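> Pasted the sequence and its predicted model underneath.
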Amino acid sequence: MSGSRRAPRSSRATAAIASSPWILVAAGVVVMVVLLVIALGAYRGRSGVDTPPDPPAPPLLLPEVPSSSATPTGPVRPGLSPRASVQPTTGVATPPHPAPRVTSRAANPTSPPPPAGMIGRYRVVNSFDGGFIGEVLVRNGTAERRGWTVRVTYAGGRFVTAWVESSEQGRATAIEGGFTYRSGVDVAPGGSATLRFHMERTDSRPTGCTVDGTPCVLG
């Protein structure tokens, strides 16, 4: 009797399932959802293990802020000190050690300083047919009274006479082409004596004129 009762129950369940197919569909959907959740969890766990971490961000380099005492005139570049680009504000740069100026102290040839010692200036006072009157102005450039000797020569000619204006006379000696004259009185410091002479048959330009060996200035 018990075997005859169980057979009807299984057939009833089978008949119920066959009459309601949506139950099988719902069960399949649940199984698929469970498998999808398991697969997604496994993928997330693997990606978290195998993926390396992101590299750290590089440090940000900021330019130095120039001090208030030096203001750069050019643009500030990263990594460079602003003090290197500071330009002078005085315009054209000047050298730290300017070259010294060299001035020439050469004497002016038109106005030479008076030399020390006895000096003379030669000139022609008067010219006439066959001769002329010449003059040597002797000046004492020293600080003491001194005597003097004049020597004048020409290219030929004949010496006639010589004398000192307004002073004690000295001694004249004729030489070839000219004469020598030794003073009879000393000349005071800064003072002068005028020697005049008469020459014939020669050109008035001398070949030599000295006072104590110093050449005369031709006037």
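Nice, I can see it.
> and the spatially closest residue to Arg145 that is not a sequence neighbour, how many residues sit next to it?
Among residues not flanking Arg145 along the chain, Asp186 sits closest, at 4.2 Å (C-beta to C-beta, 6 or more residues apart in numbering). Quick note: C-beta positions are derived from backbone N, CA and C, even for glycine. Asp186 sits with 13 neighbouring residues when counted by other C-beta atoms under 10 Å.
> Then Leu24?
11.
> so it sits in a helix?
Yes - counting by DSSP: H, G, I helix; E, B strand; the rest coil, Leu24 is part of a helix.
> Looks like Gly208 contacts Val150 (just checking).
No - applying C-beta atoms under 8 Å, one finds Gly208 not in contact with Val150, separated by 10.9 Å.
> Look at those two and report which has more neighbours.
Val150 (26 against 12).
> check which helix or strand covers the more buried one.
According to DSSP states H and E, Val150 maps onto strand 149-153.
> any idea of the mean pLDDT in the next helix or strand after that strand?
Later in the chain than strand 149-153, the nearest helix or strand by DSSP H and E is strand 158-164. The predicted model gives strand 158-164 an average pLDDT of 97.
> next SSE after strand 158-164?
Criterion used, DSSP H and E; the element after strand 158-164 is strand 171-175.
> can you give me the angle that next one makes with strand 149-153?
Interaxial angle, strand 171-175 versus strand 149-153 (axes from the mean of the first three to the mean of the last three C-alpha atoms, to 10 degrees): 30 degrees.
> Can you point out the buried residues in strand 171-175?
Under the neighbour-count criterion of 16 or more other C-beta atoms under 10 Å, strand 171-175 has Ala172 buried.
> ok, residues contacting the helix or strand following it?
Sequence order places strand 178-182 as the next helix or strand after strand 171-175, per DSSP H and E. Defining contact as C-beta atoms under 8 Å, 6 or more residues apart in numbering, one finds that strand 178-182 is touched by 147-154, 157, 159, 162, 170-173, 195, 197, 199, 206, 208.
> Now list the buried members of the residues you listed.
Using 16+ other C-beta under 10 Å, the buried members of the contacts of strand 178-182 are 148-154, 157, 159, 162, 170, 172, 195, 197, 199, 206.
> where in the chain is pLDDT low?
1-21, 43-115 (pLDDT under 70).
> where do the strands sit along it?
Assigned by DSSP state E, the strands in the chain fall at 118-128, 131-140, 149-153, 158-164, 171-175, 178-182, 192-200, 208-211, 214-215, 217-218.
> between those, which gets nearest to Trp22?
With C-beta to C-beta as the criterion, Trp22 lies closest to strand 217-218 of these, at 150.5 Å.
> neighbouring strands for the closest one, and are they parallel or not?
strand 118-128 (parallel) (DSSP bridges).
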